[in-house]
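**Student:** Any chance you can model this:
(chains A and B)
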Amino acid sequence: MGINPLKENILSRMEWPGSAHQLALFRILLGLQIFYSSSTRLFQLSAYVQVEAGTHNIFPDFLNQFITATAVPYWQWLTLALSIFLVLGLLTKYMLPLLFVAFLFLFSFYYARHNAPIPWLYIWFPLLLLNFTRCNDVLSLDALFRLQKPLTNLTSSTYRWPLEGVAGWLAYIYVTAGLAKLLPIYKGWNWLKGGTTQEIMYNRYLDSVYFYLFERPLFDYTTHHWVFAVLSIASILIELTCIMILLTHRFNGLVLVLVVGMHFFLYFAGVMGFLQLMLVLSISLIQPGFFNRLFKEGTQTS
Amino acid sequence: MSRSIREIAFSCVALSMLMTILQTQQLFYYIHTVFLFKVFVVVSIVVILSWMAVMIRDYLLKRGIFYYVVQKFRSSSIPRPAKYLIAFVFVGNLGAISLGSKRYPFYEVGMYRQTKEFKDRDKIHAEHKYYYWQGSQYKIVNLRKEASFFLAEYFGWGYTADMAYSMTYFHKGDKENFDFLSARMKELGIDTLWVGVQSVNFKTREVTFDPDICHAITINQGGEMYYGPIYIPRYQMERCDGKL
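**Tutor:** Numbering: from 1, shown residues only, chains lettered A, B, ... in the order given. Purely as a prediction, here's the structure:
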């Protein structure tokens, strides 16, 4: 059976049947991830060290001053509390806009002092999308207390488009990461030669999981240049492969395995923090039929 | 289908050229000094303008991928406010990607985009690490290890990967970073932290640790360390006064 991107692309798939349980499960996992990410003591450390990272955001100065003054004592606790509401699915409709604002403000403070895109890059847009969804129709206290009446058809496309949106966000993150390494064009060739990969593996070896577990380097990182070139080319190919998510759903399994494999390797090499976030978003790459069978979803009879 | 593939390929080429021009710092300097770059820019402008003309023509004729995507998105069942927000985020990110810059929360995902030259590095790589004495044995505090649920020895909840990264690299030279670590270790009953040097010899694949506090100071002052020198506590500096 041939691939037909016109029928299988991400915009077409948004109209296909979905799964209320898949969306609810994503809500729960995203809530847990937000709770975990927001509980980091990096906020306290950043407030104590007071070193700016030289990054910029879209907010006006007065708002940044307000966020700086209130981030740690207020926004962090508010985000933590609201993320529990998200996990439980309690008062979801009213709580989600607040959580989005709290998260955006809190991690604006974070990014101003910690020049890294994790975890906020993976979270902020999916959290924004959830504001417009029926993610509390099942597996939630709202549904239990009848504060939210689920749709009759739990496989409606109403449950599909948000997760396709998340899959699109995943594709954006990885394809753009690949492009950023190749552009400008005259620089891309140098990147593929592997010098950056070697620098990371060489300098972070003594702080890597691989060292903690095995206590000896895998090979001599100062030679075998071709290994680093192969690793660099492989990482770019894996990242660019994610564009398939936009064209068809048929390679989602392959994309998932490749990206998880890449992050697993990076985790061992000393680049931590990405794997867990990727796994949360990867719920969107699983076909809704799997969840429909798992939860025996269909038309609600009650 | 073949038309769509041609359109996508043409768009990729034109956008790559556009982004290359937009992301080149000191663009006019290179145009004036590098002939090949000048040729590239001229060719790129022709290609980009042709691509834009084709895209606009196809859109007006209600055909092509761009027209298809816009119409498909407009007619989708996504709630209208969400559509506007998605379009806003798309434009914001497209701007960031095109310019190769970032403005929170819009991001070009370029955290590892810097190009490093391949070079013959020293066979021995050294790094400072905090440690303490337990009887006659030294115990190294591997800060990044603490971010792992399975490997952590000293810290618990709240000590995430980004926290470990920050303490190990970003803030390693700040006194406040050491104070933060020291306070936590005191809670665990560890009063005094020292700085030693851990080294890996990539040729022999052996790792060693040198607890000599004065040697650590010497290396900190002279060596080119990853993310710069580490903060060494005053009591260690005083202990080595006159020995350096």
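
**Student:** pLDDT weak spots in chain B?
**Tutor:** B:1, B:242-244 (pLDDT under 70).

**Student:** Domains in it, by residue range?
**Tutor:** B:2-76, B:124-239 (automatic domain parsing).

**Student:** Could you single out the most deeply buried of those?
**Tutor:** Among the domains of chain B, judged by mean count of other CB atoms under 10 Å in any protein chain shown, the one packed with the most neighbours on average is domain B:124-239 (a mean of 17). Glycine gets a C-beta too; all of them are placed from N, C-alpha and C.

**Student:** need the next SSE after the top helix by length along chain B, C-terminal direction.
**Tutor:** The residue-count maximum for a helix in chain B (DSSP state H) belongs to helix B:35-60. Next helix or strand after helix B:35-60 toward the C-terminus (DSSP states H and E): helix B:64-74.

**Student:** Does chain A have contacts with that next one?
**Tutor:** Yes: interface with chain A: helix B:64-74 contributes B:69, B:72-73 (CB under 8 Å from any CB of the partner chain).

**Student:** Hey, what's the angle from that helix to helix B:35-60? Just curious.
**Tutor:** Here helix B:64-74 runs at an angle of 50 degrees relative to helix B:35-60 (axes from the mean of the first three to the mean of the last three CA atoms, to 10 degrees).

**Student:** contacts for helix B:64-74?
**Tutor:** If you take CB atoms under 8 Å, 6 or more residues apart in numbering or on different chains as the criterion, helix B:64-74 is touched by A:11-12, B:4, B:7-8, B:11, B:54-55, B:58-59, B:83, B:86-87.

**Student:** Can you check the pLDDT for residue A:151?
**Tutor:** What the model reports for residue A:151 is a pLDDT of 86.

**Student:** tally of neighbours for it?
**Tutor:** Residue A:151 is flanked by 14 other residues according to other CB atoms under 10 Å in any protein chain shown.

**Student:** and what of residue A:250?
**Tutor:** For residue A:250, using other CB under 10 Å, the count is 11.

**Student:** Please report how far the residue lying closest to it once chain neighbours are set aside lies from residue A:251.
**Tutor:** For residue A:250, ignoring the flanking residues on the chain, the nearest one in space by CB to CB, 6 or more residues apart in numbering or on different chains is residue A:3 at 6.2 Å. As judged by CB to CB, to the nearest Å, residue A:3 and residue A:251 stand 9 Å apart.

**Student:** So if I had to pick from those two, which one is more boxed in?
**Tutor:** The residue with more neighbours, out of residue A:3 and residue A:251, is residue A:251; 16 against 13, by other CB under 10 Å.

**Student:** so who does that one touch?
**Tutor:** A:241, A:244-245.

**Student:** Tell me the spacing between it and residue A:5.
**Tutor:** For residue A:251 relative to residue A:5 (CB to CB), the value is 12 Å.

**Student:** Then residue A:17?
**Tutor:** With distances taken as CB to CB, residue A:17 is found 20 Å from residue A:5.

**Student:** would residue A:218 count as being in a strand?
**Tutor:** No: according to DSSP: H, G, I helix; E, B strand; the rest coil, residue A:218 belongs to no strand; its state is coil.

**Student:** Could you pull up phi and psi at it?
**Tutor:** Main-chain dihedrals, residue A:218, degrees, to the nearest 10: phi -60, psi -40.

**Student:** so what pLDDT did it get?
**Tutor:** 90.

**Student:** Setting the sequence-adjacent residues aside, check what's closest to it.
**Tutor:** Nearest one to residue A:218, counting by CB to CB, 6+ apart, is residue A:210 at 6.9 Å.

**Student:** Give me the pLDDT value at the one you found.
**Tutor:** Reported pLDDT for residue A:210: 95.

**Student:** burial measure for it, as a count.
**Tutor:** Residue A:210 has 18 nearby residues by other CB under 10 Å.

**Student:** name the helices or strands packed onto the one helix or strand it maps to?
**Tutor:** Using DSSP H and E, residue A:210 sits within helix A:209-214. Applying 3 or more CB pairs under 8 Å, 6 or more residues apart in numbering or on different chains; DSSP states H and E, one finds that helix A:209-214 makes contact with helix A:252-269.

**Student:** Which SSE is immediately downstream of the helix it packs on?
**Tutor:** Following helix A:252-269 in sequence, per DSSP H and E, is helix A:274-281.

**Student:** can I assume residue B:203 sits in a helix?
**Tutor:** No: read with three-state DSSP, residue B:203 is coil and lies in no helix.

**Student:** For it, give me its contacts.
**Tutor:** Per CB under 8 Å, 6+ apart, neighbours of residue B:203: A:220, A:222, B:123.

**Student:** go with 7 Å
**Tutor:** Each residue near residue B:203 by CB atoms under 7 Å, 6 or more residues apart in numbering or on different chains is listed here: A:220, B:123.

**Student:** can you give me the strands in chain B?
**Tutor:** B:124-134, B:137-140, B:194-201, B:206-210 (DSSP state E).

**Student:** For the first one, which helices and strands make contact with it?
**Tutor:** The reference is to strand B:124-134. strand B:137-140, strand B:194-201, helix B:213-222 (3 or more CB pairs under 7 Å, 6 or more residues apart in numbering or on different chains; DSSP states H and E).

**Student:** which residues touch the residue nearest the centre of chain B?
**Tutor:** With distances taken as CA atoms, centre = their mean, residue B:111 lies nearest the centre of chain B, 3.4 Å away. Residue B:111 sits next to A:116-117 when contact means CB under 7 Å, 6+ apart.

**Student:** Tell me how chain A divides into domains.
**Tutor:** Using automatic domain parsing, chain A is parsed into the domains A:18-159, A:160-302.

**Student:** separation between the closest residue to residue B:87 other than its chain neighbours and residue A:133?
**Tutor:** Closest residue in space to residue B:87, ignoring its immediate chain neighbours: residue B:73 at 8.0 Å, by CB to CB, 6+ apart. Separation of residue B:73 from residue A:133 (CB to CB): 17 Å.

**Student:** So the residue lying closest to residue B:81 once chain neighbours are set aside, which state does it fall into?
**Tutor:** Of all residues not flanking residue B:81 in the chain, residue A:132 sits nearest, at 6.7 Å (CB to CB, 6+ apart). Here residue A:132 is recorded as coil under three-state DSSP.

**Student:** Would you reformat the strands of chain B as JSON lines and include distance to residue A:67?
**Tutor:** Shown next, in JSON lines, are those (distance: least, CB to CB, whole Å):
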{"stretch": "strand B:124-134", "distance to residue A:67": "32"}
{"stretch": "strand B:137-140", "distance to residue A:67": "38"}
{"stretch": "strand B:194-201", "distance to residue A:67": "35"}
{"stretch": "strand B:206-210", "distance to residue A:67": "42"}
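
**Student:** give the contact list for the nearest residue to residue A:263 once chain neighbours are set aside.
**Tutor:** Leaving aside its chain neighbours, residue A:263 sits nearest to residue A:275 (4.0 Å; criterion: CB to CB, 6+ apart). By CB under 7 Å, 6+ apart, the residues touching residue A:275 are A:263-264, A:267.

**Student:** how about JSON lines for the domains of chain A, with distance to residue B:177 added?
**Tutor:** Shown next, in JSON lines, are the domains of chain A (distance: least, CB to CB, whole Å):
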{"stretch": "domain A:18-159", "distance to residue B:177": "6"}
{"stretch": "domain A:160-302", "distance to residue B:177": "15"}
